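Novice: Make a model of this:
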Amino acid sequence: MARMTGSWLSGPGAALPRDSDGTEVRYRGERLGLPQHGPGSIAGTGRRVAAITVDWLLALVVASVVTAPASPGSWGLVVWAVVGAIAVAVFGTTPGQLALGIGVARVDETVPVGVLRSVARVVLVFLVVPPVIWDLDGRGLQDRATQTAVIRSR
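Specialist: Modelled structure (predicted):
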């Protein structure tokens, strides 16, 4: 019984997330060695959602122009995937992420994301489920699988 009541009797600190070794995690990205605020910190959910919305809208506009006067159909998805994979591989950010001051960086090394990781991220984001399942650092499964994180660039 003490185990069941311990979390609420111990005060609000007992509900804070804990790392696998039991240490308290104070902010997203701490375990990755990222700063709490400012450039290099984990990007917030609002910026991520806004960035992918901008990317989708841009992809639909481009697909509509290319396929006019017909409906773009699934070409919007193709444009989004190609632009996203190439932009992250080359620049570390998509057009929507650039507009909102965020980007993608590797957390295991200080080198560019690269083509294979970028393509893997796009494929996993396309599946929808990986981006909505997060770890303590606010990274989706696509970021965990590719050893990347979406960080603030400004």
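Novice: Any idea what the residue positioned nearest the centre of the chain is bridged to?
Specialist: Relative to the mean C-alpha position of the chain, the nearest C-alpha, by Cα atoms, centre = their mean, is the one of V150, at 4.3 Å. Taking DSSP bridges as the rule, V150 bridges to V104.
Novice: So it sits against S41, correct?
Specialist: No - using Cβ atoms under 8 Å, V150 makes no contact with S41, being 10.5 Å away. Any C-beta I mention is one placed from the backbone N, CA and C, and that applies to glycine too.
Novice: rounded to a whole number, what's the mean pLDDT of the strand or helix carrying L124?
Specialist: Secondary structure from DSSP states H and E places L124 in helix 115-126. What helix 115-126 shows for mean pLDDT is 95.
Novice: Where do the helices of this protein begin and end?
Specialist: Under the criterion DSSP state H, helices of the chain are mapped to 2-9, 45-67, 75-91, 95-99, 115-126, 129-132, 141-146.
Novice: Identify the residues contacting the last one?
Specialist: The contact list for helix 141-146, computed with Cβ atoms under 8 Å, 6 or more residues apart in numbering, reads 113, 117, 120-121, 124-125, 129-131, 133, 135, 148-150.
Novice: ok so, going back, what's near enough to touch the residue nearest to the centre of the chain?
Specialist: V150 neighbours (Cβ under 8 Å, 6+ apart): 42-43, 48, 97, 102-104, 139, 143.
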